[in-house]
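Peer 1: have a look; sequence and predicted model below, questions after that.
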Amino acid sequence: MSGKIYDYTQICNSILSIDPKIRFAGVINERGRLVAGGMKENVEPLENEKDDEMIFMELALRVKMRKEFDKQLGHVNFAMASRERALAISIIVNEDILYVVAEPDADYGSLPKKILEIIHA
């Protein structure tokens, strides 16, 4: 996906609108900073702003570590974590990370495919 210029704000807005169970769609840079997107309007955050910063930095580190195995296993299409209170999906876009958080009962079978279609549109 490298080289293409993406409109991160438009991508995040499109993702927020594809499923009512999506709570958050944002782009995090390689240093763990939110550069576009955010929480859907009228949705109560599960964590505070300080926790968000820690989650983003941890996500950036995890993505860097996954890249260590790209040569052997191929590039990661997406990663998903199912938690008690949230479903989290991360997708690498150029050198940044698209991070999507949905309700835990969101359709984890179709949601990543819908997100990838938006990115590749």
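Peer 2: Thanks, I have it.
Peer 1: show me where this protein dips below the pLDDT cut-off.
Peer 2: Applying pLDDT under 70 to the chain flags the ranges 1-3.
Peer 1: run the last query once more with 90
Peer 2: 1-5, 41-52, 121 (pLDDT under 90).
Peer 1: and the spatially most central residue of it, how far is that from residue 71?
Peer 2: Computing the C-alpha centroid of the chain and ranking residues by CA atoms, centre = their mean puts residue 99 first, at 1.3 Å. Here the distance between residue 99 and residue 71 works out to 25 Å (CB to CB, to the nearest Å). For glycine as for every other residue, the C-beta is placed from the backbone atoms N, C-alpha and C.
Peer 1: show me which helix runs longest in this protein.
Peer 2: Across the chain, the helix with the greatest residue count (assigned by DSSP state H) is helix 49-67.
Peer 1: the residue sitting furthest away from the middle of the chain: which element?
Peer 2: Distance from the centre of the chain peaks at residue 72, with 23.8 Å (CA atoms, centre = their mean). Taking DSSP states H and E as the criterion, residue 72 maps to helix 70-73.
Peer 1: what's the offset of that helix from the middle of its chain?
Peer 2: Here the centre of helix 70-73 is set off from its chain's centre by 22 Å, with CA atoms, centre = their mean, to the nearest Å.
Peer 1: hmm, who's touching it?
Peer 2: Here helix 70-73 makes contact (CB atoms under 8 Å, 6 or more residues apart in numbering) with residue 76.
Peer 1: mind doing that once more with 10 Å?
Peer 2: With CB atoms under 10 Å, 6 or more residues apart in numbering as the test, helix 70-73 has contacts from 66, 76, 92.
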